[in-house]
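Peer 1: here is a sequence with its predicted model. Questions after.
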Amino acid sequence: GSTTYAITAPDAENGTVRVSPSRASRGTTVTITVTPDEGYELESLTVLDSRDNEITLTDKGDGKYTFTMPSGRVTVEASFAEIAPEPLPFGDVDDGDWFADAVRFVYENGMMNGVSETDFAPHAATSRSMIVTILYRLEGEPVVDYAMDFTDVAGDAYYAEAVRWAASEGIVGGYGGGLFGSDDAVTREQLAVILYRYAVYKGYDVSIGEDTNILSYADFADLSEYAIPAMQWACGAGVITGVTDATLVPQGEATRAQVAAMLMRFVEAIG
């Protein structure tokens, strides 16, 4: 019979390379099937003969390549590279910013949009109506039958149904006197409470923060009593980190960048 020669396939990282057949005689068509891991793409594919000369490859599409077997052994070499993410459309978010990954996460998952087509406004405050709208989107925009008594939430407001849902589920309440405070900036402790109540609503385990010591923060006294359990949970679960190593700044306004980071941590660690 015809003499066959070995074909050495690589043990590549971030993808697999299969060769069929694994041995072949001169003139045989050999097929290479390349399958990158999720999030990766083929960077290079090279076939070398026994003298390290490159053999011509034919791209057959759908991850398949062929070559004609020479006389002598053949070595297949391949490498895979991580697929670069699509650039964000926001000119005020640089790849090196601490919040860049969080902004990408909430934007690509439809949780937060920009304030315009070109700006995310990472350092701007986040309103209470924006927060409930984000959670409403995350929940799939459920329809609820609940009579709201907030005099400052117009029925045709973009966030009206989000407020209706959040109020009906006890995720967010008003200030009393029929006021919701739609345009008020949400504070860091308010955001912790809203996420805590949402976690309870979803049936997630919120006991993780019961043993968290938040007394070590220098501004613990600034934390409202009603928000202590929520802040303990948020710190223990890694949803909230201090603005510095020593401060939580519970009464500080939660910027859009901070909200994006907290939402990403919440979804990845809790949800």
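Peer 2: It's in. Numbers count the residues shown, from 1 in each chain.
Peer 1: and residue 77, what does it touch?
Peer 2: 10, 44-48 (Cβ atoms under 8 Å, 6 or more residues apart in numbering). Every residue, glycine included, has its C-beta placed from N, CA and C.
Peer 1: name the member of those residues with the most neighbours.
Peer 2: residue 47 (22 neighbours; other Cβ atoms under 10 Å).
Peer 1: and the next element down the chain from whichever strand or helix holds that residue?
Peer 2: Assigned by DSSP states H and E, residue 47 falls within strand 40-48. Next in sequence after strand 40-48, counting helices and strands by DSSP H and E, comes strand 58-61.
Peer 1: please state the offset of that next one from the chain centre?
Peer 2: 34 Å (Cα atoms, centre = their mean, to the nearest Å).
Peer 1: low-confidence regions, the stretch 1-150 of the chain specifically.
Peer 2: 1 (pLDDT under 70).
Peer 1: how about the strands in it?
Peer 2: 4-8, 15-20, 23-25, 29-36, 40-48, 58-61, 64-68, 74-82 (DSSP state E, counting those that start in this stretch).
Peer 1: can you add distance to residue 213 and give those back as JSON lines?
Peer 2: Below are these laid out as JSON lines (distance: least, Cβ to Cβ, whole Å):
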{"stretch": "strand 4-8", "distance to residue 213": "57"}
{"stretch": "strand 15-20", "distance to residue 213": "45"}
{"stretch": "strand 23-25", "distance to residue 213": "65"}
{"stretch": "strand 29-36", "distance to residue 213": "45"}
{"stretch": "strand 40-48", "distance to residue 213": "42"}
{"stretch": "strand 58-61", "distance to residue 213": "59"}
{"stretch": "strand 64-68", "distance to residue 213": "58"}
{"stretch": "strand 74-82", "distance to residue 213": "39"}
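Peer 1: among these, which is nearest residue 237?
Peer 2: strand 74-82 (28.7 Å; Cβ to Cβ).
Peer 1: flag every buried residue along the closest one.
Peer 2: Neighbour-count burial for strand 74-82 flags 74-76, 78-80 (criterion: 16 or more other Cβ atoms under 10 Å).
Peer 1: nearest to residue 255 among these?
Peer 2: residue 80 (37.4 Å).
Peer 1: so residue 97 sits right up against residue 104, yeah?
Peer 2: No: in this structure, residue 97 is not within contact of residue 104 by Cβ atoms under 8 Å, at 10.6 Å.
Peer 1: show me what contacts the most centrally placed residue in the chain?
Peer 2: Closest to where the C-alpha atoms of the chain average out (Cα atoms, centre = their mean) is residue 105, at 3.6 Å. Taking Cβ under 8 Å, 6+ apart, we find residue 105 in contact with 111, 260, 263-264, 267.
Peer 1: any idea which element residue 163 lies in?
Peer 2: helix 160-168.
Peer 1: excluding chain neighbours, what is closest to residue 124?
Peer 2: residue 256 (5.4 Å; Cβ to Cβ, 6 or more residues apart in numbering).
Peer 1: give me the phi and psi for that neighbour.
Peer 2: Phi and psi for residue 256, reported as degrees, to the nearest 10, are phi -60, psi -30.
Peer 1: and it, how close does it get to residue 35?
Peer 2: From residue 256 across to residue 35, the span is 39 Å (Cβ to Cβ, to the nearest Å).
Peer 1: more neighbours, the two?
Peer 2: Neighbour totals were compared for residue 256 and residue 35, and residue 256 leads with 22 against 12 (other Cβ under 10 Å).
Peer 1: quick check: that one touching residue 126?
Peer 2: Yes: look at residue 256 against residue 126 with Cβ under 8 Å: they come within range, at 5.3 Å.
Peer 1: now do the SS call for residue 232.
Peer 2: Following DSSP: H, G, I helix; E, B strand; the rest coil, we place residue 232 in the helix state.
Peer 1: quick one: it and residue 214 touch, right?
Peer 2: Yes: counting by Cβ under 8 Å, residue 232 does reach residue 214; the two are 5.7 Å apart.
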